[in-house]
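K.L.:
Next one to model:
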Amino acid sequence: MNRIEREKHIIGVMVDIYCKKKHKSKDGLCTECRELLDYSRQRLDKCKFGEQKSYCQKCPIHCYKKDMKQKIKDVMKFSGPRLLFYNPVEFFKHLFSK
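P.N.:
Model (predicted):
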């Protein structure tokens with residue numbers, strides 16, 4: 001799995017945790033979270049750095065719209081620490097891929 005695909009996967013896992021806990025979603029993602037996930041994946045597909053990209057937080061180019069940037073920050077802030085408990089394998093993969 002290449003870097004972009006790993007990023008897409010981990011964002012999907014984090015959005016899933018966020019939606020289940022914050023929006024009490026049981027049947028997949030709610031509309032708002034689905035839109036955020038699709039938007040994030042589109043941004044990753046269009047990343048000009050490709051496989052050499054750093055984490056978006058450290059990127060010199062901010063390609064997210066302001067409202068979407070805040071939403072993804074909220075998701076990561078909420079889901080990041082919980083990832084250790086809900087999906088420890090992904091947590092350590094993400095931690096060591098930095």
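K.L.:
Identify the residues contacting the most centrally placed residue in the chain.
P.N.:
In the chain, the centroid-proximal residue (C-alpha atoms, centre = their mean) is residue 11; its distance is 2.3 Å. Contacts for residue 11 (C-beta atoms under 8 Å, 6 or more residues apart in numbering) come out as 37, 40, 41, 44, 72. Quick note: C-beta positions are derived from backbone N, CA and C, even for glycine.
K.L.:
can you do 7 Å?
P.N.:
37, 40 (C-beta atoms under 7 Å, 6 or more residues apart in numbering).
K.L.:
Now do the phi/psi pair for it.
P.N.:
phi -60, psi -40 (degrees, to the nearest 10).
K.L.:
Can you tell me, leaving aside adjacent residues, what's nearest to residue 14?
P.N.:
residue 79 (3.8 Å; C-beta to C-beta, 6 or more residues apart in numbering).
K.L.:
Tell me if I'm right that residue 71 and residue 36 touch.
P.N.:
Yes: counting by C-beta atoms under 7 Å, residue 36 is a contact partner of residue 71 at 5.3 Å.
K.L.:
Nearest residue to residue 68 in space, please, no chain neighbours.
P.N.:
Closest to residue 68 by C-beta to C-beta, 6+ apart is residue 39, at 5.4 Å.
K.L.:
Any chance of the backbone angles for that neighbour?
P.N.:
phi -60, psi -50.
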